[in-house]
Every structure is written in structure tokens, then in C-alpha cells.
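Engineer: Predicted model follows, preceded by the sequence.
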Amino acid sequence: MSPAQLSVEVRLAEAVKLYELGQLSSGAAANLVCIPKVVFLAKLSDYGVDSFQLTEEELIEDLRSA
């Protein structure tokens, strides 16, 4: 892996972790890595991170208020 590729991978891993911890939104994490949000969301599965982060209770509440 070239230094440039390694840099991209490290930034992506950082963005994924910050998203997983709830410290960045998916849009902010994508901006950090300079990729479209949809690409970032697709990459989450490579790291074993769910792109859907609502709890069951939050989902039920959302359905009630819809």
C-alpha cells in the first residue's frame, strides 16, 4: 500500500470510529474523508459498523409520531 493509500485508509477508519461513537454525523464523517455521504455509508459495512443507528425505542417513537 502506498503512503497516499494508507493515509486515506487511516482517515476513513478514523471517520468510521467517530461515527460509530456518535461523535460525528454520517455527513460530517464523509466530509472528513472527502467522499460522498452515500459512499461513506456503504463503506461502514467494511468495518462492521451499522449505518442504521436508531435504538428500538427511538424507532418505535418515530413510527408513533409519523
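Structural biologist: Alright, I've got the coordinates. Numbering: from 1, shown residues only.

Engineer: rest of the way, CA atoms for contacts and neighbours
Structural biologist: Will do.

Engineer: Test my guess that Leu41 contacts Ser51.
Structural biologist: Yes. Leu41 is within contact range of Ser51, at 6.0 Å (criterion: C-alpha atoms under 8 Å).

Engineer: which other helices and strands contact the lengthiest helix in the chain?
Structural biologist: Counting by DSSP state H, the longest helix found in the chain is helix 3-20. If you count contacts as 3 or more C-alpha pairs under 8 Å, 6 or more residues apart in numbering; DSSP states H and E, helix 3-20 packs onto helix 26-33.

Engineer: Relative to the whole chain's centre, how far out is the helix it packs on?
Structural biologist: 8 Å (C-alpha atoms, centre = their mean, to the nearest Å).

Engineer: picking up where we left off before, alpha carbons of the longest helix of the chain, as CSV, please.
Structural biologist: Provided in CSV are the C-alpha atoms of helix 3-20 (Å, rounded to 0.1, in the frame of the first residue of the first chain):
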residue,chain,number,x,y,z
PRO,A,3,1.7,6.2,1.6
ALA,A,4,-1.2,8.0,-0.1
GLN,A,5,-3.5,4.9,0.1
LEU,A,6,-2.5,4.4,3.7
SER,A,7,-3.4,8.0,4.5
VAL,A,8,-6.9,7.6,3.0
GLU,A,9,-7.4,4.3,4.9
VAL,A,10,-6.4,5.8,8.2
ARG,A,11,-8.7,8.8,7.7
LEU,A,12,-11.5,6.5,6.7
ALA,A,13,-11.0,4.3,9.8
GLU,A,14,-10.9,7.5,12.0
ALA,A,15,-14.1,8.8,10.5
VAL,A,16,-15.9,5.4,10.9
LYS,A,17,-14.9,5.2,14.5
LEU,A,18,-16.0,8.7,15.3
TYR,A,19,-19.3,8.0,13.5
GLU,A,20,-19.7,4.7,15.5
